[in-house]
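Asks: Below is the sequence, then the predicted model.
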Amino acid sequence: MGIADEITLTGLRVFGRHGVYDDERRVGQDFVVDVVLHVDTRAAAASDDVADTVHYGEMAEQIAAIVAGEPVNLLETLAARIAEHLLGFGLVDRVRVTVHKPDAPIPLSFSDVSVTIERARGAR
């Protein structure tokens, strides 16, 4: 059985210019990102050293740079970019990424729309 340790970041709000419509790219809007990393934290717990785990402050800054960076059409693409980056951290075995678009151009009353993906190291 694998390690069940998780590092979770919830509600990271970042301004970006993603979307299918020209107005979304021109005006931009806030996106909200949640991530769950599956990481073996035993070494960090034993050493009490941030070098032995994923530094969630640095991780948040890197996710924010992806969201604020090059625009994409789909939330699926944005979530995949974030997941791929996070799997690049050597300690991360699996990741779950949710990208919320609370101000999506839907002409109805709604509170949120989001896409959630899960990716694992070495899986296709």
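Replies: It's in.

Asks: got the residue ranges for the strands in the protein?
Replies: Taking DSSP state E as the test, the strands found in the chain are 6-16, 29-39, 92-100, 114-120.

Asks: gap between Val27 and Ile66?
Replies: 20 Å (CB to CB, to the nearest Å). All C-beta spots, glycine's among them, are computed from the backbone N, C-alpha and C.

Asks: Which of these two has more residues huddled nearby?
Replies: Taking other CB atoms under 10 Å, Val27 and Ile66 do not tie; Ile66 has more neighbours (18 against 11).

Asks: coming back round to it: how about CSV for the strands of the chain, with mean neighbour count added?
Replies: Shown next, in CSV, are the strands of the chain (neighbours: other CB atoms under 10 Å):
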stretch, mean neighbour count
strand 6-16, 14
strand 29-39, 20
strand 92-100, 21
strand 114-120, 15
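
Asks: Export the ones you listed to TSV and append columns for distance to Met59 and mean pLDDT.
Replies: Below are the strands of the chain laid out as TSV (distance: least, CB to CB, whole Å; pLDDT from 0 to 100):
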stretch	distance to Met59	mean pLDDT
strand 6-16	7	98
strand 29-39	8	97
strand 92-100	9	97
strand 114-120	15	98
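
Asks: Can you check which of those gets nearest to Pro107?
Replies: Within those, the stretch nearest Pro107 is strand 29-39; the backing value is 15.4 Å (CB to CB).

Asks: tally of neighbours for the residue nearest to Pro105 when sequence neighbours are not counted?
Replies: Closest residue to Pro105 apart from its sequence neighbours, by CB to CB, 6 or more residues apart in numbering: Tyr21 at 6.1 Å. Counted with other CB under 10 Å, the neighbours of Tyr21 add up to 10.

Asks: give the contact list for the residue nearest to Val113 when sequence neighbours are not counted.
Replies: Closest residue to Val113 apart from its sequence neighbours, by CB to CB, 6+ apart: Ala104 at 4.7 Å. Residues in contact with Ala104, defined by CB atoms under 8 Å, 6 or more residues apart in numbering, are 19, 110, 113.
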